[in-house]
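*Asks:* With the input below, show me the fold.
(one chain, ligands or ions: 3)
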Amino acid sequence: MSTLSEKEKEKYLNELFEFLKLPSISADSRYKDTMIKTAEWLSKELLKSGCDSSNVYETKGHPIVYGEKFVDESYPTILVYGHYDVQPPDPIELWTNPPFEPVIKNTEIHPEGAIFARGACDDKGQVFMHVKAFEQLIKKDKLNCNVKFMIEGEEEVGSDNLEKFLIENKAKLAADVILISDTGLSNLDKPTFTVGLRGLSYMEIKITGPNRDLHSGLYGGALANPINILSDMISSLIDSKGRITIPGFYDEVLEIDKSKRESIEQMSKFDNDHFKNSIGLKETKGEDGYSTLERLSIRPTLDVNGIWGGYTGEGSKTVIPSEASAKISMRLVPKQNWEKISELFTNHIKNITPNSVSIDVTTHHGGNPYITPEDFKGYESAINAYKDSFGIDPIPQKDGGSIPIVPMFESILGIKTVLMGFGLDSDAIHSPNENYGVKNFFIGIETIQNFYKHFGN
Ligand code: BES
Ligand code: MN
Ligand code: MN
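*Replies:* Ligands and ions are numbered 1, 2, ... in the order given. Below you'll find the model as predicted:
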């Protein structure tokens with residue numbers, strides 16, 4: 001049930017469309033000015049919605065939007081974090097509407113309509129729910145918390161400059177909880193509540209063989225081909241039981257005892273067939289001894305995200321490439337440390353590189369895993385907020401994705417995070433035709449207000 005009038009709903013959607021029309025692609029330097037424009041637009045919205053002040057803070061990269069409203073010293077303070085940057089929209093030809101021209105379409109999953117645009121769910125749509133929930137609370141004179149908004153423009157590229165901002169603005173950012181809507185839930189009937197995120201370690205390796213590309217007839221057979229070597233090395237990283245073979249990789253992994261695992265499995269009612277069907281697969285695959293849900297949440301992974309080398313153009317070219325490369329990322333779970341894992345990876349790759357080629361390993365970025373502690377008011381308030389909006393207890397569940405800055409909120413600012421995300425797996429975040437249910441958007445606005453109600457009490 002939404003407490004918004006039809007008029008307000010229409011207005012909020014139109015405003016969100018303005019936000020979505022700005023192509024704030026952080027990875028692409030051609031959009032540097034658009035990033036500034038988007039930050040300025042959002043900063044103005046924060047003022048319009050009721051913030052006392054709001055500013056755009058320059059960084060070495062894309063700016064951070066920070067606004068706040070102070071109500072009363074005796075009230076707790078909520079720090080809302082989110083990101084206004086989006087992933088590049090390509091492959092653009094697979095979109096059914098241009099990615100920065102939002103439209104609402106009815107779908108099987110969203111008979112009441114879904115907003116199709118890059119960033120609709122991740123994370124502009126979800127950031128905007130916070131702006132509007134805050135606006136509503138002011139309008140109804142029910143704002144019982146002090147509020148700070150910190151919306152960054154570099155989440156999708158690793159949040160490189162946010163750490164410095166946290167360190168330099170520790171006092172200004174003081175709060176009792178960090179509230180983030182940048183994750184998802186299972187569905188609107190029996191919602192899950194995200195209580196954990198995986199960490200991430202993002203690596204790149206480059207194999208170099210001969211000092212130039214060679215004719216594969218004149219030279220083939222007498223030297224190591226970098227692509228073959230790279231393939232061998234990559235395939236050795238996971239064994240036949242689905243275990244990652246890097247020595248020490250599992251040393252710090254928090255093993256969860258059998259009875260707890262069983263109760264999580266029972267509670268979650270994860271639908272394996274639906275999972276398979278939704279991504280067009282006949283079979284799932286992963287680490288032996290773990291369910292799909294566990295493979296997606298409490299177990300670490302290693303995946304090749306990209307691989308290149310040699311000739312990939314039209315027709316054929318008989319060549320032995322001089323180089324071959326791959327981007328490889330690992331999802332981490334408590335209590336793995338991303339810097340340590342990156343080091344283990346680097347050492348292992350160097351160890352298994354044959355003398356017939358040379359190797360270069362680089363660490364791109366990473367972040368540690370996170371768990372929301374159960375024994376604080378933020379957790380309880382979130383549970384109660386879901387109960388109010390959905391009429392049922394949410395199922396606590398760890399998410400597979402990562403928001404690398406979250407553990408730093410704890411280590412630098414000493415503040416715990418509550419993750420209240422409203423996206424669905426079918427929202428196609430990072431993919432063509434990203435979309436966000438209109439219903440999800442409005443129930444998010446409701447649930448956030450309910451969170452304030454309980455947290456400020
Ligand atoms: N919002 C996502 C993370 C997410 C989505 C977590 C759904 C849980 C459920 C975030 O914007 C994201 O894409 N994170 C990246 C990491 C980043 C360093 C590029 C990721 O998880 O790959
Ligand atoms: Mn996101
Ligand atoms: Mn993302």
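
*Asks:* so what's the closest residue to ligand 1 within the stretch 301-450 of the chain up against?
*Replies:* Using C-beta to the nearest ligand atom, the closest approach of the stretch 301-450 of the chain to ligand 1 is made by Gly401 at 2.5 Å. Every C-beta, even on glycine, is put in place using the N, C-alpha and C of the backbone. For Gly401, the contacting residues are Thr183, Leu197, Arg198, taking C-beta atoms under 8 Å, 6 or more residues apart in numbering as the criterion.

*Asks:* Of those residues - the most surrounded one?
*Replies:* For the contacts of Gly401, neighbours were counted by other C-beta atoms under 10 Å; the highest total belongs to Leu197, with 31 neighbours.

*Asks:* ok, what's across the strand from it?
*Replies:* With DSSP bridges as the criterion, the beta-bridge partners of Leu197 are Tyr370.

*Asks:* could you measure it against Gly289, distance?
*Replies:* Counting by C-beta to C-beta, to the nearest Å, the gap between Leu197 and Gly289 amounts to 23 Å.

*Asks:* repeat for Pro226
*Replies:* 35 Å.

*Asks:* Compare the two and say which one has the larger neighbour count.
*Replies:* Set side by side, Pro226 and Gly289 show more neighbours around Pro226, with 25 against 11, by other C-beta under 10 Å.

*Asks:* Please verify my assumption that the more buried one contacts Ala326.
*Replies:* No: checked against C-beta atoms under 8 Å, the pair Pro226 and Ala326 is beyond contact range at 10.8 Å.

*Asks:* Phi and psi next, for the residue of the stretch 301-450 of the chain closest to ligand 1.
*Replies:* The main-chain torsion angles of Gly401 are listed as degrees, to the nearest 10 and equal phi -80, psi -180.

*Asks:* what does Glu339 give?
*Replies:* phi -70, psi -40.

*Asks:* Distance-wise, check it relative to Ile307.
*Replies:* Glu339 sits 25 Å away from Ile307, going by C-beta to C-beta.

*Asks:* Please apply the same query to Pro98.
*Replies:* Counting by C-beta to C-beta, the gap from Pro98 to Ile307 is 30 Å.

*Asks:* Please list the residues of this structure that sit near ligand 1.
*Replies:* Contact residues of the chain with respect to ligand 1, defined by C-beta under 6 Å from any ligand atom, are listed as 122-123, 155-156, 158, 182-184, 197, 200, 399, 401-404.

*Asks:* wait, which of these is closest to His364?
*Replies:* Distance to His364 across these (C-beta to C-beta) is lowest for Gly158, with 7.1 Å.

*Asks:* Please name the residues that touch the residue nearest to the closest one when sequence neighbours are not counted.
*Replies:* With sequence-adjacent residues excluded and distances taken as C-beta to C-beta, 6 or more residues apart in numbering, Gly158 is closest to His365, at 3.5 Å. When the contact criterion is C-beta under 8 Å, 6+ apart, the partners of His365 are Val157, Gly158, Asp160, Leu200, Tyr202, Pro404.

*Asks:* cool, and Val157?
*Replies:* Under the criterion of C-beta under 8 Å, 6+ apart, the contact list for Val157 reads Ser26, Ala27, Gly61, Asp85, His365.

*Asks:* Which one of those residues is nearest to ligand 1?
*Replies:* Each of the contacts of Val157 was scored against ligand 1 by C-beta to the nearest ligand atom, and His365 proved nearest at 6.1 Å.

*Asks:* Against Asn433, how distant is that closest one?
*Replies:* Where Asn433 is concerned, His365 sits at a distance of 27 Å (C-beta to C-beta).

*Asks:* residue contacts, Lys276?
*Replies:* When the contact criterion is C-beta under 8 Å, 6+ apart, the partners of Lys276 are Lys282, Glu283, Thr284.

*Asks:* Let's see that with 6 Å instead.
*Replies:* Under the criterion of C-beta atoms under 6 Å, 6 or more residues apart in numbering, the contact partners of Lys276 comprise Thr284.

*Asks:* can you pull the pLDDT of it?
*Replies:* Note for Lys276: predicted pLDDT of 95.

*Asks:* again with Phe390
*Replies:* Reading off the confidence values, Phe390 has pLDDT 97.

*Asks:* so how far is Asn187 from it?
*Replies:* 10 Å.

*Asks:* Could you check which of these two is surrounded by more residues?
*Replies:* Neighbour count, other C-beta under 10 Å: between Phe390 and Asn187, Phe390 has more, with 19 against 14.

*Asks:* Name the nearest residue to that one, ignoring sequence neighbours.
*Replies:* Spatially, and ignoring its direct neighbours in sequence, Phe390 is nearest to Pro191 (5.4 Å; C-beta to C-beta, 6+ apart).

*Asks:* so how many other residues sit close to the one you found?
*Replies:* Using other C-beta under 10 Å, Pro191 has 23 other residues around it.

*Asks:* Work out the sheet partners of the helix or strand hosting His364 and label each with its direction, please.
*Replies:* For His364, the host element (DSSP states H and E) is strand 358-367. Using DSSP bridges, the neighbouring strands of strand 358-367 in the sheet come out as strand 199-208 (antiparallel).

*Asks:* Tell me which residues are up against the partner strand.
*Replies:* Judged by C-beta under 6 Å, 6+ apart, the contacts made with strand 199-208 from elsewhere in the structure are 226, 229-230, 323-330, 332, 338, 341-342, 345, 349, 357-369, 402.

*Asks:* before we move on, the earlier item: so of the contacts of Val157, which ones are in strands?
*Replies:* When these are checked against strands (DSSP state E), the matches are His365.

*Asks:* could I get the contacts of Val157 as TSV with distance to Ser263 and pLDDT?
*Replies:* Converted to TSV, the contacts of Val157 look like this (distance: C-beta to C-beta, whole Å; pLDDT from 0 to 100):
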residue	distance to Ser263	pLDDT
Ser26	40	98
Ala27	41	96
Gly61	43	98
Asp85	38	98
His365	35	91
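
*Asks:* Quick check: phi and psi on the closest residue to ligand 2 within the stretch 251-400 of the chain?
*Replies:* The shortest separation between the stretch 251-400 of the chain and ligand 2 is 11.2 Å, found at Asp399 (distances taken as C-beta to the ion). The phi/psi pair for Asp399 (degrees, to the nearest 10) reads phi -90, psi 160.

*Asks:* Likewise for Pro111?
*Replies:* Reported as degrees, to the nearest 10, the phi and psi values for Pro111 are phi -60, psi -20.

*Asks:* same question, Lys285
*Replies:* Dihedral angles phi and psi of Lys285 (degrees, to the nearest 10) take the values phi -160, psi 140.

*Asks:* That one and Thr301, how far apart?
*Replies:* Shown here: Lys285 relative to Thr301, a distance of 12 Å by C-beta to C-beta.

*Asks:* for Tyr31, same thing?
*Replies:* Look at Tyr31 and Thr301: by C-beta to C-beta, they are 30 Å apart.

*Asks:* Next: Ala171.
*Replies:* Using C-beta to C-beta, one obtains 38 Å as the distance from Ala171 to Thr301.

*Asks:* rewinding a little: out of the contacts of Gly401, who's nearest Met267?
*Replies:* Using C-beta to C-beta, the shortest approach to Met267 within these belongs to Thr183, at 18.2 Å.
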